[in-house]
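*Asks:* Below are the sequence and a predicted model; questions follow.
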Amino acid sequence: MADYNHRKAFRKALKTLLQPHYLKVIDFKESKIDTVQGEVLAVFYIDTGQFEQGHNLTDDQFMVVVELWTDSRENPADDLDDAAAKLLELTELHQGLAGCTWLPVDYEYIYDPDSFIGVYEQRFIVQKEL
């Protein structure tokens, strides 16, 4: 049976990587986020996964979602664009995070007009050869 501690190691490394760049980093899915006006918070979690097998090679491939939250009253899209640019820059600089490769795939912007909260949601495919 393979060892799947690479998922824990990846989450720990990702949290360490993100902490200097965002006000707060949460490494699990929260149902409610307490934002701080004008600051960007990061939340991330593993969403789905699958095993790839063939030619005596087994890979664990999983989707990590990184959410960047802000309640900027001026223009949350600008703050989210800046925070997303930093996230994608970190992705390029740290391709072998905890022995896993991770590549950005799709993203989404979500806005709540009542609370002024904006969320940038970036999905990554993470792969680890077992």
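*Replies:* Ah, there it is.
*Asks:* low pLDDT regions in this structure?
*Replies:* 1-3, 30-33, 35-37, 48-57 (pLDDT under 70).
*Asks:* could you pull out the strands for it?
*Replies:* Here the chain has its strands, by DSSP state E, at 24-26, 41-54, 57-70, 101-112, 117-129.
*Asks:* tally of neighbours for Ala9?
*Replies:* Close neighbours of Ala9, defined as other CB atoms under 10 Å, add up to 15. The way it works is simple: take the backbone N, C-alpha and C, and place the C-beta from them, glycine included.
*Asks:* Can you tell me the closest non-neighbouring residue to it?
*Replies:* Ala98 (4.1 Å; CB to CB, 6 or more residues apart in numbering).
*Asks:* surely that neighbour meets Ala13?
*Replies:* Yes - using CB atoms under 8 Å, Ala98 makes contact with Ala13 at a distance of 4.0 Å.
*Asks:* So between these two, which is more surrounded?
*Replies:* Neighbour totals were compared for Ala98 and Ala13, and Ala98 leads with 20 against 17 (other CB under 10 Å).
*Asks:* Show the contacting residues for the more buried one.
*Replies:* Contacts for Ala98 (CB atoms under 8 Å, 6 or more residues apart in numbering) come out as His6, Ala9, Phe10, Lys12, Ala13, Leu14.
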